[in-house]
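>>> Could you look at this predicted model? Sequence included:
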There are 2 protein chains.
Amino acid sequence: MGLCSFIRKVRQIRTQQPNIPTTFGENQLVHTILRRRSVRKFLEHDIEDEEMALILEAGRLAPSTVNMQTWSFGVFTERTWRETFGRSIPYGAKRAVMVLGDITRIKEATDIFPDVPLIAYTVSMINASLAAMNMTVMAEGLGIGTVMLSDTGKTGFFSAAYLKKTLQLPPGIYPLMTVVFGYPASRNLPMPPKFNIEDITFCGLYKKTERAKIRAWFSLMEAGYKASNPFSSFKSKLKYYRDNLNRAERELEDVVLGEREKM
Amino acid sequence: MGLCSFIRKVRQIRTQQPNIPTTFGENQLVHTILRRRSVRKFLEHDIEDEEMALILEAGRLAPSTVNMQTWSFGVFTERTWRETFGRSIPYGAKRAVMVLGDITRIKEATDIFPDVPLIAYTVSMINASLAAMNMTVMAEGLGIGTVMLSDTGKTGFFSAAYLKKTLQLPPGIYPLMTVVFGYPASRNLPMPPKFNIEDITFCGLYKKTERAKIRAWFSLMEAGYKASNPFSSFKSKLKYYRDNLNRAERELEDVVLGEREKM
């Protein structure tokens, strides 16, 4: 990509804004939700336990299929994270909540999941994701920044086998992601390139996104990555993922489908 | 369960409240998030298109793995829902957004998902769930009630084959759930029985929830169900699920793992 094209694309990324009709301009919650950005640089300032408790309360009270609450939350400070994993919380965040799908409680209470590993996995992953998002919005409302991690620092489903072993997770528990928390070093983070609403919605029958739109988006992703990582490229990041995907897939197969016998 | 025990349990459910420290008593967003309840009875009043657009914007701007936005949203009014599915939106809600995991765009742009169906499914399911939760919180902030459906009225992953066929979904798209929207008929819905925070969290190594806690929760679930459905029982509802789970599992296997060849 030429320099002019690169500059144009970076400018395009920097000027993207959420669409907020003026009618809702004063609604604080609308702004909080739409201006949330993933934060990867945090201040030294720690988070109060009282605030973390409120964030966890948002996880506890998230909606779930038949109110089954198929989740567990591993709650860490920098010290307990280091004791458990032998390293720091990624990005210098001050607190971390590992979010896991967990069907052990519902299996203990009922025989509702006999031999349906994909359903059990699906139910618990959906619910745990809802809890993770609810915690993230709560943090945002308290002025606390977050980023959801599923790979960086072996924090989620991409490192299923490692986490099962390190945390001694019994069958029926699926590591999903870690949400890390801290006060953001900057409040002015640009929005990463998003598809337009018409590219990701359909009315009635499903409609594929136009190829040109997909190419334009991907090209912005490349430019944005280059702008933040001048000595790397988005392609090389994707290559890293691709190389690790087959390992991650085998581990996930074992965790999700291999539990048929063990449960 | 005896009558006295039943009455005590129903009272226990009705008096459950979110834990909000007084310090945060004035924070509107804290209340909005923690007082959200799933709504199953709606007023006749329709929702403005402008508000639906804002709700979809919360879905569009939700976080996603490597900003891949692996989701699509099917957007329905009562009329278009009826045209597509030949029946009303469940619970008399006025609008519906079907949330689907969708890796077709990322497959078009890159070769990052070669033959890793479980990873592709996991990534898209997590991201789509995050979008669903973000839309739900946005609706709540606008005074609009929601409920997430994955079974009722064949609206989600529990009816994967039916939805693939009816909506003509190509490979790489996973029906997840439908969020339905409307103005709630009542603002005073009780909180369904929730586990305490200490039952669903751990610090350091994973810790199983005590059996007694699980039994106590299940017993509240039974009482709560009985209170809202005097002529049915929670056990019979679970039996309905169990009978349908093997069919749903086979369909999901086909949709998730059977796409290896087709993609």
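Yes, it's here. Numbers count the residues shown, from 1 in each chain, chains lettered A, B, ... in the order given.

>>> C-terminal to the host helix or strand of A:Met148, which secondary structure element comes first?
Using DSSP states H and E, A:Met148 sits in strand A:145-149. Counting by DSSP H and E, the next helix or strand C-terminal to strand A:145-149 is helix A:160-166.

>>> wait, does that following helix contact chain B?
No - Helix A:160-166 does not reach chain B (Cβ under 8 Å from any Cβ of the partner chain); its nearest approach is 8.8 Å. Backbone N, C-alpha and C define where each C-beta goes, glycine included.

>>> pull the CA atoms of that helix into CSV?
These are the backbone C-alpha positions of helix A:160-166, laid out as CSV (Å, rounded to 0.1, in the frame of the first residue of the first chain):
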residue,chain,number,x,y,z
ALA,A,160,-7.7,-24.4,26.8
ALA,A,161,-5.3,-27.3,27.7
TYR,A,162,-2.9,-25.0,29.5
LEU,A,163,-5.7,-23.4,31.6
LYS,A,164,-7.4,-26.7,32.4
LYS,A,165,-4.1,-28.0,33.8
THR,A,166,-2.9,-24.8,35.6
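
>>> Dump the C-alpha coordinates for the helix or strand A:Lys9 falls within into CSV.
Per DSSP H and E: A:Lys9 is located in helix A:3-14. Extracted in CSV, the C-alpha atoms of helix A:3-14 (Å, rounded to 0.1, in the frame of the first residue of the first chain):
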residue,chain,number,x,y,z
LEU,A,3,2.1,6.2,1.6
CYS,A,4,-0.8,8.4,0.5
SER,A,5,-3.3,5.5,0.7
PHE,A,6,-1.9,4.6,4.1
ILE,A,7,-2.2,8.1,5.4
ARG,A,8,-5.8,8.4,4.0
LYS,A,9,-6.8,5.1,5.7
VAL,A,10,-5.3,6.0,9.1
ARG,A,11,-7.1,9.4,8.9
GLN,A,12,-10.3,7.5,8.0
ILE,A,13,-9.9,5.2,11.1
ARG,A,14,-9.2,8.3,13.4
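
>>> Show the subsequent helix or strand relative to that helix.
Assigned by DSSP H and E, the successor of helix A:3-14 is helix A:28-34.

>>> That next one packs against which elements?
Applying 3 or more Cβ pairs under 8 Å, 6 or more residues apart in numbering or on different chains; DSSP states H and E, we find helix A:28-34 packed against helix A:117-141, helix B:28-34, helix B:49-60, helix B:117-141.

>>> Low-confidence ranges, chain A, go.
A:1, A:259-263 (pLDDT under 70).

>>> which residue is nearest the centroid of it?
Compute the mean C-alpha point of chain A, and by Cα atoms, centre = their mean the closest residue is A:Met148, 3.4 Å away.

>>> Is it correct that that residue is in contact with A:Val179?
Yes - because the distance of 5.3 Å satisfies Cβ atoms under 8 Å, A:Met148 is recorded as touching A:Val179.

>>> Need the residues touching each of these two.
A:Ala132, A:Thr136 (Cβ atoms under 8 Å, 6 or more residues apart in numbering or on different chains).

>>> Check which helices and strands the host helix or strand of A:Val97 is in contact with.
Assessed by DSSP H and E, A:Val97 sits inside strand A:95-102. Applying 3+ Cβ pairs under 8 Å, 6+ apart, one finds that strand A:95-102 contacts helix A:49-60, strand A:71-77, helix A:117-141, strand A:173-182.

>>> Could you tell me which strands that strand is paired with, and in which direction each runs?
The pairing partners recorded for strand A:95-102 under DSSP bridges are strand A:71-77 (antiparallel), strand A:173-182 (antiparallel).

>>> And A:Thr155, how close does it get to B:Val123?
For A:Thr155, the distance to B:Val123 equals 15 Å [Cβ to Cβ, to the nearest Å].

>>> so what's the residue nearest to the centre of chain A up against?
Residues counted as contacts of A:Met148 (Cβ under 8 Å, 6+ apart) are A:Ser38, A:Ala132, A:Thr136, A:Met177, A:Thr178, A:Val179, B:Pro63, B:Leu130.

>>> List the beta-bridge partners for A:Thr77.
Under the criterion DSSP bridges, A:Thr77 forms beta bridges with A:Arg95.

>>> quick one: it and B:Ala160, what's the gap?
For A:Thr77, the distance to B:Ala160 (Cβ to Cβ) stands at 41 Å.
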